[in-house]
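Asks: Show me the folded form of this:
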Amino acid sequence: MIKPKETEVCSCTENWICDEWNECIDGKQTKNCIDANGCGTAENREEVERNCGEKNNLIYFVAVIILILVVAGIIIGRKGIWKKSEEKFRKKFVEKKLERAGKKRRKKRI
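Replies: Now for the predicted structure:
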């Protein structure tokens, strides 16, 4: 490539090719990028470093808390439903038992 004179305008279109993000190390992730056209500029280069870990851990933590609350709500709700169902069953059972006992008493009187 011939170096342009200082008065000439260099026209080179960057063509960045980047790897995938590397592992998160000490809260940072990096990736390697190269300009296939070798323009020597980085005006249109993708981000090559980003924070990681803390944000991901926070999202994971919040998701786990939500899951725990949902499961606890289901368990508490079901116990409440079962308790109500059990109370209804006992009430009906006692009513039927008393009804039967009353019928037996009436039969004995006759």
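
Asks: Let me know the secondary structure of the residue most central in space within the chain.
Replies: Against the mean C-alpha coordinate of the chain, by Cα atoms, centre = their mean, the closest residue is A63 at 4.7 Å. Under DSSP: H, G, I helix; E, B strand; the rest coil, A63 falls in the helix class.

Asks: Please enumerate the helices of the chain.
Replies: Secondary structure of the chain by DSSP state H: the helices cover 54-109.

Asks: Domain parsing of the protein, as residue ranges.
Replies: With domains defined by automatic domain parsing, the chain comprises 1-52, 53-110.

Asks: now the residue nearest to the centre of the chain: how far from K88?
Replies: As judged by Cβ to Cβ, to the nearest Å, A63 and K88 stand 37 Å apart. Yep, even glycine has a C-beta here, placed from its N, CA and C like the rest.

Asks: what does I25 give?
Replies: 60 Å.

Asks: pLDDT wise, what is K103 at?
Replies: At K103, the model reports a pLDDT of 70.

Asks: looking at the domains of the chain, which has the lowest confidence?
Replies: Sorting those by mean pLDDT places domain 53-110 lowest, at a mean of 77.

Asks: roughly how far is that domain from the heart of the chain?
Replies: Averaging C-alpha positions (Cα atoms, centre = their mean, to the nearest Å) puts domain 53-110 30 Å from its chain's average.

Asks: what about G53, how many neighbours?
Replies: Residues lying near G53 (other Cβ atoms under 10 Å) number 13.

Asks: Stretch 46-64: which residues count as buried?
Replies: C52 (16 or more other Cβ atoms under 10 Å).

Asks: Can you get me the start-to-end distance on it?
Replies: 33 Å (Cα to Cα, to the nearest Å).
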